[in-house]
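Participant: Structure of the sequence below:
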Amino acid sequence: MCSEKMILKHPMSVRIFHYLLIVSFLPLAVTGLILYFKPFSGESMNLTMQIHVLAGVLLTLDAVAFFLIGFERVVLFVKRVFTISVNDVKWFAVLGGYPQKLLLRKKVPVPPMGKYNSGQKLFGICVLIGGTLLVGTGWILWAFPHNTPRETVALMGTLHTVFGILLTIFLPVHLFLGIYMFDDFKAMILHGRISYDEAREQSPLWVEKEVIPLNK
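Facilitator: Coordinates of the predicted model:
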């Protein structure tokens, strides 16, 4: 049973960024799939494109604002997700123990993790690289298609499609595991706090190295 002692895991600036990311990326994913498969008529497709562009503008503003306002947190996040160790290899060997928990109702030993587990690191890397490419290629394809060489436009279109599909595939997995880890889900969506005992179980290296121990 978790104690009542709580620690801050997701500050307000991170939660606001996450809110706007949800509001912008979900319509981007849906409209992106519609634009790729083209199931509707010309007028409906035009409306879909307008929604896609507006959501892209919101995503861009959100990313730029957080980069400028929360630059230190961006640097820290990049450092964390790109810090790879033997524990990450071991984590992927058992997939964090999630298949065993979900399918076999069995708990297996999982190597100690920092603030983010290895799966979250992989997702973070995909979001950083894929999101940057999506924003960059999206602006080129929308704002400067006639001022860009045809070969470059074709390459931008391919990159935009590939990374858009990749992040869209990651999305339901991220949502499912986010809700499965419900305490962390509530922390990200609501108050930002997680119990000290829960943090110590999920992220022992983060608690040991970065969180000030609480008196029992």
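Participant: Would you mind giving me the confidence score for the nearest residue to Met12 once chain neighbours are set aside?
Facilitator: Closest residue in space to Met12, ignoring its immediate chain neighbours: Gly192 at 6.6 Å, by CB to CB, 6 or more residues apart in numbering. Just so you know, the C-beta spots here come from the backbone N, C-alpha and C atoms, and that holds for glycine as well. As summarised for this prediction, Gly192 has a pLDDT of 93.
Participant: Can you give me the distance of Gly192 to Ser41?
Facilitator: With distances taken as CB to CB, to the nearest Å, Gly192 is found 45 Å from Ser41.
Participant: ok so, going back, would you mind giving both backbone torsions of the residue nearest to Met12?
Facilitator: phi 80, psi 0 (degrees, to the nearest 10).
Participant: So it sits against Ser13, correct?
Facilitator: No. Applying CB atoms under 8 Å as the test, Gly192 and Ser13 come out as separate, 10.0 Å apart.
Participant: Of those two, which one has the most company?
Facilitator: More crowded of Gly192 and Ser13, by other CB atoms under 10 Å: Gly192, with 18 against 14.
Participant: Run through the residues that contact the more buried one.
Facilitator: Gly192 makes contact with Leu8, Lys9, His10, Pro11, Met12, Val14, Arg15, according to CB atoms under 8 Å, 6 or more residues apart in numbering.
Participant: Look through this protein and tell me its longest helix.
Facilitator: Ranked by residue count under DSSP state H, the longest helix found in the chain is helix 150-180.
Participant: any idea which helix or strand comes after it?
Facilitator: Following helix 150-180 in sequence order, the next helix or strand is helix 182-186 (DSSP states H and E).
Participant: tell me the mean pLDDT for that next one?
Facilitator: Mean pLDDT, helix 182-186: 89.
Participant: residues in contact with that helix?
Facilitator: Applying CB under 8 Å, 6+ apart, the set of residues contacting helix 182-186 is Cys2, Lys9, Gly178, Ile179, Ile194, Ser195, Glu198, Gln202.
Participant: Also stretch 105-124?
Facilitator: 9, 77, 80-84, 86-88, 90-92, 94-97, 100-101, 170, 174, 177, 202-206, 209-210.
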